[in-house]
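**Q** Mind folding the following:
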Amino acid sequence: MNDHVLYHTPYFLRLLGGSGLTWEMPAGDRQLYLSFDDGPGPATTPQILAILDHYGVKATFFCVGENIARHPGLLENIKTAGHATGNHTHNHLKGWKTSTGPYLNNVEKCQELVQSRLFRPPYGKMTPAQRKALKKRYNIIMWTVLSRDYDPAVDPATCLRKTLKYTRPGAIILFHDNPGALEKVEYVLPRYLEKTLNEGYRYEILA
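**A** Okay, here's the model as predicted:
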């Protein structure tokens, strides 16, 4: 598989995902939409918030309910800093391996904590029935550019280069707020932000 498919979601995969999903935003005036999955967590979220604050950038954090329950103060820190939050299920469930009823219940369990109209499915995987039910209540946010910061086979320099390569106006960029991605995020994120800001991009939160 070529890196266009690995790092950038092509049109044919978007079609396979079905209707009612947001893969990118209108290009407008060079806006970008930065997002982080899987947090919050004490080993990662404070470092990410510090980098974002240094560059004056706002992002959207798709949070796992059980992590919010363990670290409610970190969710408040995200909100207080002016970032948006989204629902990422309570237990980071893979929709393809979970029947519809339990999956929707798990989303609602997270929703009790995160209180957001945004939803992103873990692994990007939902069944048609799950998608149909969820799009009635949520803006289902996917991604344009996948940094692959979670992949041990991808070194930090490659992660940065490929993420920049596929960045374009209106792109939703996906990083991860979890310990497995931290080494690459700490390397890539400041360099990515500095480069894109210098190129005239501006960041907005998802809504």
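**Q** Just give me the neighbour total for the closest residue to A59 other than its chain neighbours.
**A** Of all residues not flanking A59 in the chain, L34 sits nearest, at 4.0 Å (C-beta to C-beta, 6 or more residues apart in numbering). Where C-beta positions appear, they are placed from N, C-alpha and C, glycine not excepted. The number of residues packed near L34 is 25, by other C-beta atoms under 10 Å.
**Q** Export the helix or strand encompassing L34 to CSV, keeping only CA atoms.
**A** Using DSSP states H and E, L34 falls within strand 31-37. Output of strand 31-37 as CSV, limited to C-alpha atoms (Å, rounded to 0.1, in the frame of the first residue of the first chain):
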residue,chain,number,x,y,z
GLN,A,31,-7.7,26.7,7.9
LEU,A,32,-6.4,23.5,9.5
TYR,A,33,-8.1,21.3,12.1
LEU,A,34,-5.8,19.6,14.6
SER,A,35,-7.2,16.6,16.6
PHE,A,36,-5.9,14.2,19.2
ASP,A,37,-7.4,10.8,20.1
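**Q** now the next helix-or-strand element following that strand against strand 31-37, angle please.
**A** Following strand 31-37 in sequence order, the next helix or strand is helix 45-55 (DSSP H and E). In terms of direction (axes from the mean of the first three to the mean of the last three C-alpha atoms, to 10 degrees), helix 45-55 departs from strand 31-37 by 170 degrees.
**Q** Mind giving me the packing neighbours of helix 45-55?
**A** Where contact means 3 or more C-beta pairs under 8 Å, 6 or more residues apart in numbering; DSSP states H and E, helix 45-55 is packed against helix 72-80, helix 182-198.
**Q** For that helix, which residues meet the burial criterion?
**A** 45, 48-49, 51-52 (16 or more other C-beta atoms under 10 Å).
**Q** and the angle for it with helix 182-198?
**A** Using the same axes, to 10 degrees: helix 45-55 against helix 182-198 is 20 degrees.
**Q** and for the helix or strand just after helix 45-55, what are the contacting residues?
**A** Once the chain leaves helix 45-55, the next helix or strand it forms, by DSSP H and E, is strand 60-63. Applying C-beta atoms under 8 Å, 6 or more residues apart in numbering, the external contacts of strand 60-63 come out as 33-40, 45, 75, 78, 83-88, 110, 113-114, 118-120, 141, 177, 205-206.
**Q** thinking again about what came up before, identify, from the buried residues of helix 45-55, the entry nearest to E186.
**A** Of all those, E186 sits closest to I51, with 7.7 Å by C-beta to C-beta.
**Q** Out of the buried residues of helix 45-55, which is nearest to Y187?
**A** I51 (10.7 Å).
**Q** and the gap between the closest one and E199?
**A** Per C-beta to C-beta, to the nearest Å, I51 is found 18 Å from E199.
**Q** With L193 instead?
**A** 11 Å.
**Q** cool, and K184?
**A** K184 is 21 Å from E199, where distance means C-beta to C-beta.
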